[in-house]
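Visitor: Test case, fold it:
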Amino acid sequence: MTGDNADGAYDEGGPALLEARDVSKHFGGVTALDSANFSCRGGEIHALLGANGAGKSTLVKILSGVQSADSGEIRLGGEPVSLSSPADAAAHGVATVFQELSLFPHLTVAENVMIGHEPVGPLRQIRRRAVTEQVTGLLKRLHIDHISPADLVGDLSLADRQLVEIAKALSHDPRVLILDEGTSALGGQEVQRLFELLRGLRPEGKAVVFISHRMSEIRELVDRMSVFRNGRDVGTVPADQADENEIVEMMLGQRVEQSFPERVSLDEQAETVLETRNLHAGERLRDISLSLRRGEVLGIAGLEGQGQGELLLALFGAYRRIKGDVLVRGQKTRLGTPWRAKRAGLVLIPEDRKSEGLIQPMSVRDNLSLANLDRLSRLGFIRGDEERRFVDRVIERMNIKAASLDQPVRSLSGGNQQKLVLGKWIETGGEVFLFYDPTRGIDVGTKQSVYQLIDGLARESKGVILYTTEDSELVGLCHRVLVMDDGTIVRELAGDDITETNILSASLGVSGSRGEGDIDEKREVTV
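Guide: Residues are numbered from 1 along each chain as shown. This next block holds a predicted model:
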């Protein structure tokens, strides 16, 4: 396992450009970092690994000036520095792409990218032409030709917003670039273009701190890996000497034998719980006919942006006007609003937990209760005892780590936020669960929880539709896979035909068959 060092710029014995020495951080009675150490050299791409809650995000926030350490020292270029704010970090040459994006939806791409450091004229007026020219150059550097500087960020897809966030970080011409799950919403081609750009930073002597839970990306890109667990650094190894299973063991403190649970057998005579006939919705979705039985996990595959998301949103009532028929338990059903979809027994686990799945300033208790108010209230008043029992039950079932029920969800780790989104919907009594890329940006331990949850729903005779950008999850979890292209279903795979090679072949519109050359990674461990 090795990064691409063909340019020869990475010096294994070079001095550290960025260092954290004995850094500690506490939030009340919770220790986020405990005398943690980390260093990254100039010309190096360095992976920072660990389960959610291991302290990675806290360290990133300290290095980015968002939070201050309780103790310890940060050094840049060998000199101690005080990073008291993001602007201070940017002034010292540290730029960060956070896992949760920080863009303004009502501003343009150009305004978001250059906000706070726009070129100005002699009277301090913003030179808008210069702003547009600089942003155009940044987008060209990222090989982005489908986004205009004049586009409103709120009109962009999640993947495109992530690209804008990366352009925003690069606009500061940083000495140190930190990517906290910076590829989690990107497709394969976009990831490769970003990797090309990151490799180009090596000969400039810049440092890249790269956080990802996709081991394939880490294998391909990085020079060294540092692993954190429970707020402490537990080891740093060169990428070409790292064993994946050992890395996972370092992250979790235990062995992981397999990624996916043993798939439950599908009853061919089981009731069809959901069916669509010639469904059309939105601008892209067309002529979708599918069926889902009780106990079945039905995968949705294809290249990014081929209508998979629109399909899930249409089934959850996000489109008021749809053509075609939707049948739930054999009965034609109108799904014109999410409320109607929920009443019919459909549940959506959304793509973006921050903006679509949770209300960030509200507490753990309130977020968990929101989807179940009809069951927890009487005559318009919430029954406190019933709510407490419900919340405790969800927290125990999902193993959510929170200091208290009144803790704002924005202060939870990404993995615990995702568990909370899943937990609040699991208890609604739904019959059909629509999963929209549920493992994006979460660690191997939390992924295991999601896999077990999906398997548990199937064993409870629920129907599951799973759209994921990780084909290995489709191979390991699904009874059937429908491959989409240009808003319609182009191929169905079942049984032994569900392989990553066949999924990719169908997505690209070429023939594929199962043979000796196929990739069979039903038990691949990902981090």
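
Visitor: just checking, V81 touches A69?
Guide: No: using Cβ atoms under 8 Å, V81 makes no contact with A69, being 11.9 Å away. No exception for glycine: its C-beta is placed from N, CA and C like everyone else's.

Visitor: The two - which one has more neighbours?
Guide: Between V81 and A69, counting by other Cβ atoms under 10 Å, A69 is the more crowded of the two (22 against 19).

Visitor: ok, so what distance separates the more buried one from H26?
Guide: Relative to H26, A69 is positioned 10 Å away (Cβ to Cβ, to the nearest Å).

Visitor: what do you get for Q241?
Guide: 34 Å.

Visitor: More neighbours: those two, which one.
Guide: H26 (14 against 11).

Visitor: element containing that one, please.
Guide: Using DSSP states H and E, H26 falls within strand 16-27.

Visitor: Could you list the paired strands of that strand along with their orientation?
Guide: The pairing partners recorded for strand 16-27 under DSSP bridges are strand 30-41 (antiparallel), strand 71-76 (antiparallel).

Visitor: closest to G188 out of those?
Guide: G188 lies closest to strand 30-41 among the strands paired with strand 16-27, at 26.4 Å (Cβ to Cβ).

Visitor: Name the residues that touch the closest one?
Guide: For strand 30-41, the surrounding residues in contact (Cβ atoms under 8 Å, 6 or more residues apart in numbering) are 10-11, 14-26, 46, 48, 55, 58-59, 62, 69, 72, 176, 207-209, 226, 228, 230-233, 403.

Visitor: redo that, cut-off 6 Å
Guide: Under the criterion Cβ atoms under 6 Å, 6 or more residues apart in numbering, residues 14, 16-25, 46, 55, 58, 207, 209, 226, 231-233, 403 lie in contact with strand 30-41.

Visitor: Report the next helix or strand after it in sequence order.
Guide: Assigned by DSSP H and E, the successor of strand 30-41 is strand 45-49.

Visitor: Now do that following strand, average pLDDT.
Guide: Averaged over strand 45-49, pLDDT sits at 94.

Visitor: what separates the following helix or strand past that strand from the chain centre, distance-wise?
Guide: Next in sequence after strand 45-49, counting helices and strands by DSSP H and E, comes helix 56-63. Computed by Cα atoms, centre = their mean, to the nearest Å, the chain-centroid distance of helix 56-63 equals 18 Å.

Visitor: now do stretch 191-199
Guide: For stretch 191-199 - counting by Cα atoms, centre = their mean - the centre lies 18 Å from the chain centre.

Visitor: Check which residues of it are buried.
Guide: By neighbour count with 16 or more other Cβ atoms under 10 Å, stretch 191-199 contains the buried residues 191, 193-195, 197-199.

Visitor: which outside residues touch that stretch?
Guide: 143, 183, 208, 221.

Visitor: First residue to last residue on stretch 89-107, what's the distance there?
Guide: Distance across stretch 89-107, first residue to last, is 24 Å (Cα to Cα, to the nearest Å).

Visitor: Same question for stretch 177-186.
Guide: Rule used - Cα to Cα; the end-to-end distance of stretch 177-186 is 18 Å.

Visitor: tell me the mean pLDDT over it?
Guide: Stretch 177-186 comes out at a mean pLDDT of 85.

Visitor: from now on call the first residue 300
Guide: Right, with 300 as the first residue, what we last looked at is stretch 476-485.

Visitor: low-scoring stretches of the stretch 550-699 of the chain, by residue?
Guide: 553-557 (pLDDT under 70).

Visitor: in it, which spans are helices?
Guide: Per DSSP state H, counting those that start in this stretch, the stretch 550-699 of the chain carries helices over the ranges 607-614, 637-642, 663-669, 672-675, 683-697.

Visitor: Kindly compare burial across those helices and name the winner.
Guide: When the helices of the stretch 550-699 of the chain are scored by mean count of other Cβ atoms under 10 Å, the highest mean neighbour count falls to helix 607-614 (a mean of 24).

Visitor: how about the strands in the stretch 350-499 of the chain?
Guide: If DSSP state E, counting those that start in this stretch is used as the criterion, the strands of the stretch 350-499 of the chain fall at 370-375, 378-380, 393-396, 475-479.

Visitor: Compile these into CSV and extend it with columns for distance to G775.
Guide: Converted to CSV, those look like this (distance: least, Cβ to Cβ, whole Å):
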stretch, distance to G775
strand 370-375, 41
strand 378-380, 45
strand 393-396, 29
strand 475-479, 26
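
Visitor: coming back round to it: between the helices of the stretch 550-699 of the chain, which gets nearest to I546?
Guide: helix 683-697 (25.5 Å).

Visitor: Next, the angle helix 355-362 makes with the next helix or strand after the closest one.
Guide: The helix or strand immediately downstream of helix 683-697 is helix 713-725, counting by DSSP H and E. Relative orientation of helix 713-725 and helix 355-362, computed by axes from the mean of the first three to the mean of the last three Cα atoms, to 10 degrees: 130 degrees.

Visitor: What helices and strands are in contact with helix 713-725?
Guide: Packed against helix 713-725, as judged by 3 or more Cβ pairs under 6 Å, 6 or more residues apart in numbering; DSSP states H and E, are the following elements: helix 683-697.

Visitor: Give me the contact list for the helix it packs on.
Guide: With Cβ under 6 Å, 6+ apart as the test, helix 683-697 has contacts from 664, 667-668, 675, 718, 722, 726.

Visitor: average model confidence for stretch 397-414?
Guide: pLDDT averaged over stretch 397-414 gives 90.

Visitor: Give the residue spans of the stretch 350-499 of the chain that score low on pLDDT.
Guide: Checking the stretch 350-499 of the chain against pLDDT under 70 turns up 351.

Visitor: For A350, which residues are in contact?
Guide: With Cβ under 6 Å, 6+ apart, A350 has these contacts: 550, 742, 744.

Visitor: Show me the domain layout of the protein.
Guide: 315-392+473-551, 555-644+729-826, 660-726 (automatic domain parsing).

Visitor: Take those and lay them out in JSON lines including distance to R652.
Guide: Shown next, in JSON lines, are the domains of the chain (distance: least, Cβ to Cβ, whole Å):
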{"stretch": "domain 315-392+473-551", "distance to R652": "11"}
{"stretch": "domain 555-644+729-826", "distance to R652": "9"}
{"stretch": "domain 660-726", "distance to R652": "5"}
